[in-house]
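S.K.: return a 3D structure for these sequence lines:
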Amino acid sequence: MAADVAFLMRLTEAGDDYSDLPVTAAREVTERDAALFADRIDPCAVEQEVDLGEGLQATRYSTCTPSRGLILFFHGGGFALGSRAGYAAPARMLARGTGTDVLSVEYRLAPEHSFPAAHDDALAAWRYAAEHAADWGIDPHRIVVAGESAGGNIAAVLCQRLRGEAVQPMMQVLIQPVTDISERRPSQHEFAGSPALSAKQIAWFMGHYLPDGTDHLDPRVSPLLASDLTGLPRAIVTVAGFDPLRDDGLAYAAALAESGVPAEVIHERELVHGYLSFTAVSRSSKTATRRLVRAIATALTSTPDRSKT
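M.R.: Predicted structure coming up:
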């Protein structure tokens, strides 16, 4: 583990465990941590509040230069925590580093809005983005779907739901994604006590997110278990060496590749879960986040637009 990350994990271990708290208090703790640990990135030239309809909100980040596309972004937080405000720094880094606009979505959270509310919001956000991209000077065929952790699950499921439509994502970026709730792979056992994401915290998240009786084999819960992954957008999948979700990401990338979908894996072997949010306090995490941004920028150049033929 990188030395700066190891030090951060010791500090985290000594602090409050949000899974011991009610959800409202847990959100306060994690939003406070996001403000402390995320890099201070200057606001983009445009940071526009966007009403996606029926109470669904988003923020559009734009540098006001000719845009190379749009990243539709879903934050992390185990489906119960997190916010677009807490992920403003990664959104700004993506917008500045890729030359795209970023639309960061405030999807509904559990337990107030359990499964499948977040996925319904993701589909609504996609419909809005595809319909209004031209208003922002963006080709709707150049929309990238991206998300971190729970947001990576949301992004993966959304791409599966959109397969075969006239307008589809040109690429999916899955950052330390949750891809299979039905089983625990070796990395979940190996890092069950990780201060960044423990087995106890995962269980807490799932207890809030999944109503009793939910089928864990449902591809909307576990996108890895979809019967057919062919025809999905090119993928960038990031994993971290000390992350309990590492094997989830690796398994999904392998399954995509076996189905003929180009899948680039970025394996940050010295990092932990959630490094995207540690850029103010961990040079290793900031370097890794910049590496991801560069990979997306490069892929935008080499990936053709995708549409129904």
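
S.K.: from now on I want contacts and neighbour counts done on CA atoms only, so please keep to that.
M.R.: Fine.

S.K.: how about residue 289, what does it touch?
M.R.: 275, 276, 279 (Cα atoms under 8 Å, 6 or more residues apart in numbering).

S.K.: put the alpha carbons of whichever helix or strand it is part of into PDB.
M.R.: In the assignment (DSSP states H and E), residue 289 maps to helix 283-302. Below are the C-alpha coordinates for helix 283-302, written out as PDB (Å, rounded to 0.1, in the frame of the first residue of the first chain):
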ATOM      1  CA  ARG A 283      -0.500  12.300  -3.700                       C
ATOM      2  CA  SER A 284      -0.800   8.700  -4.900                       C
ATOM      3  CA  SER A 285      -4.600   9.100  -5.200                       C
ATOM      4  CA  LYS A 286      -4.300  12.400  -7.000                       C
ATOM      5  CA  THR A 287      -1.800  10.800  -9.500                       C
ATOM      6  CA  ALA A 288      -4.200   7.900 -10.100                       C
ATOM      7  CA  THR A 289      -7.100  10.100 -10.600                       C
ATOM      8  CA  ARG A 290      -5.200  12.100 -13.200                       C
ATOM      9  CA  ARG A 291      -4.200   8.900 -14.900                       C
ATOM     10  CA  LEU A 292      -7.800   8.000 -15.200                       C
ATOM     11  CA  VAL A 293      -8.700  11.400 -16.600                       C
ATOM     12  CA  ARG A 294      -5.900  11.000 -19.200                       C
ATOM     13  CA  ALA A 295      -7.200   7.500 -20.200                       C
ATOM     14  CA  ILE A 296     -10.700   8.900 -20.700                       C
ATOM     15  CA  ALA A 297      -9.300  11.800 -22.800                       C
ATOM     16  CA  THR A 298      -7.300   9.400 -24.900                       C
ATOM     17  CA  ALA A 299     -10.300   7.100 -25.400                       C
ATOM     18  CA  LEU A 300     -12.500  10.000 -26.500                       C
ATOM     19  CA  THR A 301     -10.200  10.500 -29.400                       C
ATOM     20  CA  SER A 302     -10.000   6.800 -30.500                       C
END
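
S.K.: chain center to it: distance?
M.R.: Mean-position distance between helix 283-302 and its chain equals 14 Å (Cα atoms, centre = their mean, to the nearest Å).
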